[in-house]
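Student: build the 3D model from these lines:
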Amino acid sequence: MAEPVVLPAVMDLRAAGVLTAELLARRGQPLTVDASGVERLGGLSLQVLLSAAKTWAADDLPLTIAPLSEAFVEQCRAFGAARLAPDFAGDPA
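Tutor: Numbering: from 1, shown residues only. Take a look at the predicted model:
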């Protein structure tokens, strides 16, 4: 399996653009996203991750987001993403 996509500490507008490009480059293969270092999650970055989760599911490929920082889990819950993407609501690293 390929190396995981490691998310930066600050998932802001700039990070969302970089993440989009990296995810598109990895489409068509199983993917792991490491969110253990995330300290701040912006709405646009969350949308990119939710879109990726739906895209990988539609392609019938696994997309795993692990390990998770406590901040990542808390901010996903604050956005209401725990229901939309249960994989995001796992145990923090």
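
Student: and the strands in this protein?
Tutor: 5-6, 10-11, 31-35, 40-41, 63-68 (DSSP state E).

Student: lowest average pLDDT across these?
Tutor: Among the strands of the chain, strand 63-68 carries the lowest mean pLDDT, at a mean of 91.

Student: return the set of buried residues in it.
Tutor: Leu63, Thr64, Ile65, Pro67, Leu68 (16 or more other CB atoms under 10 Å). From N, CA and C alone the C-beta is placed, and that goes for glycine too.

Student: and those as CSV, adding distance to Trp56?
Tutor: Below are these laid out as CSV (distance: CB to CB, whole Å):
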residue, distance to Trp56
Leu63, 4
Thr64, 9
Ile65, 11
Pro67, 18
Leu68, 17
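
Student: of those residues, closest to Val10?
Tutor: Closest approach to Val10 among the buried residues of strand 63-68 (CB to CB): Leu68, at 16.0 Å.

Student: okay, and the beta partners of the closest one?
Tutor: The partner list for Leu68 in beta bridges (DSSP bridges) reads Ala35, Pro92.

Student: picking that back up, of the strands of the chain, give the one that comes closest to Leu50.
Tutor: Short answer: strand 63-68, nearest of the strands of the chain by CB to CB, at 10.7 Å.

Student: how near is Ala2 to Phe79?
Tutor: For Ala2, the distance to Phe79 (CB to CB, to the nearest Å) stands at 28 Å.

Student: actually Ala58, sorry about that
Tutor: 22 Å.

Student: same check on Leu49?
Tutor: 11 Å.

Student: out of the two, which sits in the busier spot?
Tutor: Using other CB atoms under 10 Å as the criterion, Leu49 and Phe79 rank with Leu49 on top: 27 against 17.
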